[in-house]
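Colleague: Sequence unavailable; structure follows:
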């Protein structure tokens, strides 16, 4: 058994404030016994427009990366650090190409042990609101699924819009992922319709735990986000969830349950189509 946590935040344009609030909830999750903590997508530099400038600052070991290292070491836990804009070579601050929306995984000593570059970018018009989003204006598309071994189990990494693409999660499962993490900033309109549905679907399809850590603020006048952070078990049951407030949730991960479910219902072996 292991305990994991998802943190939900209401970010603004002040990176220092966003990190202070995150620090508070990381500490609270650690007190509750969490060994792996998942933070939301893009929570540090929310509303900052120049991703190139942020990526250059973070390539040199900037504000956020130093913070994540310190927090993981301080609380002796593993940390899925939401996302940051980073260049393909995180140590290259001279790049003129677009950065990637990169989710970093830190071990309990504060080392960056895995980096996932978001594959699917949110270039859509939300029908309910008419608002257009175009992440590819600021970011490049990642290409590689990432699975990393942690003390809690093998973690498959994804981000937000990835949730709509089940083929990614099937690849993560085939690579041995037992826990799928999804740092997110789901819009309020799409989140109300599909957020938890997608989390549960990805869990059931792959008989895996799924952790969705989302930004919240449904009544934001310009960029409303859904919240609803949740931890789902391999049978699709909601183990813990938040509504539209800042906070954290925890749940126990039972790897033996995954093993038993996959033995009794070996859906990954029953596939007939590629």
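Modeller: Structure's in. What do you need? Keep in mind that this is a model prediction, so the values were computed, not measured.

Colleague: List the beta-bridge partners for residue 211.
Modeller: Note on residue 211: beta-bridge partners residue 181, residue 231, judged by DSSP bridges.

Colleague: Thought residue 38 was touching it, still the case?
Modeller: Yes. Residue 211 lies in contact with residue 38 (C-beta atoms under 8 Å); the separation is 4.9 Å. Glycine gets a C-beta too; all of them are placed from N, C-alpha and C.

Colleague: can you list residues touching both of these two?
Modeller: Common neighbours of residue 211 and residue 38, using C-beta atoms under 8 Å, 6 or more residues apart in numbering, are 4, 6, 181.

Colleague: Tell me the one of these nearest residue 108?
Modeller: Using C-beta to C-beta, residue 4 comes nearest to residue 108 of the shared contacts of residue 211 and residue 38, at 13.6 Å.

Colleague: Could you grab the helix/strand/coil label for that closest one?
Modeller: At residue 4 the chain is in strand, as set by DSSP: H, G, I helix; E, B strand; the rest coil.

Colleague: how near is it to residue 111?
Modeller: 19 Å (C-beta to C-beta, to the nearest Å).

Colleague: what's the helix or strand for residue 26?
Modeller: Per DSSP states H and E, residue 26 falls inside helix 15-31.

Colleague: and of the shared contacts of residue 211 and residue 38, the nearest to residue 59?
Modeller: For the shared contacts of residue 211 and residue 38, the minimum distance to residue 59 (C-beta to C-beta) is 23.6 Å, reached by residue 181.

Colleague: got the residue ranges for the strands in the stretch 51-200 of the chain?
Modeller: Along the stretch 51-200 of the chain, counting by DSSP state E, counting those that start in this stretch, strands occupy 78-80, 84-86, 100-106, 112-117, 123-125, 132-134, 146-150, 153-157, 179-184.

Colleague: Which one of these lies nearest to residue 248?
Modeller: Between residue 248 and these, the tightest spacing by C-beta to C-beta is seen for strand 78-80, at 12.8 Å.

Colleague: Show me what the closest one is packed against.
Modeller: Contacts defined by 3 or more C-beta pairs under 8 Å, 6 or more residues apart in numbering; DSSP states H and E place strand 78-80 against strand 36-38, helix 63-75, strand 100-106.

Colleague: Using CSV, lay out those together with distance to residue 136, mean pLDDT and mean neighbour count.
Modeller: Formatted as CSV, the helices and strands packed on strand 78-80 follow (distance: least, C-beta to C-beta, whole Å; pLDDT from 0 to 100; neighbours: other C-beta atoms under 10 Å):
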stretch, distance to residue 136, mean pLDDT, mean neighbour count
strand 36-38, 25, 99, 28
helix 63-75, 22, 98, 19
strand 100-106, 10, 98, 25
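
Colleague: Now render these as JSON lines, adding distance to residue 274.
Modeller: Shown next, in JSON lines, are the helices and strands packed on strand 78-80 (distance: least, C-beta to C-beta, whole Å):
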{"stretch": "strand 36-38", "distance to residue 274": "31"}
{"stretch": "helix 63-75", "distance to residue 274": "38"}
{"stretch": "strand 100-106", "distance to residue 274": "27"}
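
Colleague: which stretch among those comes nearest residue 265?
Modeller: strand 36-38 (25.6 Å).

Colleague: Can you tell me what sits against the closest one?
Modeller: 2-7, 26, 29-30, 77-80, 150-152, 155, 179, 181, 183, 211, 213, 248.

Colleague: one more time with 6 Å
Modeller: With contacts defined as C-beta atoms under 6 Å, 6 or more residues apart in numbering, strand 36-38 is touched by 4-6, 26, 29, 77-80, 152, 181, 211, 213.

Colleague: Alright, calling it a day.
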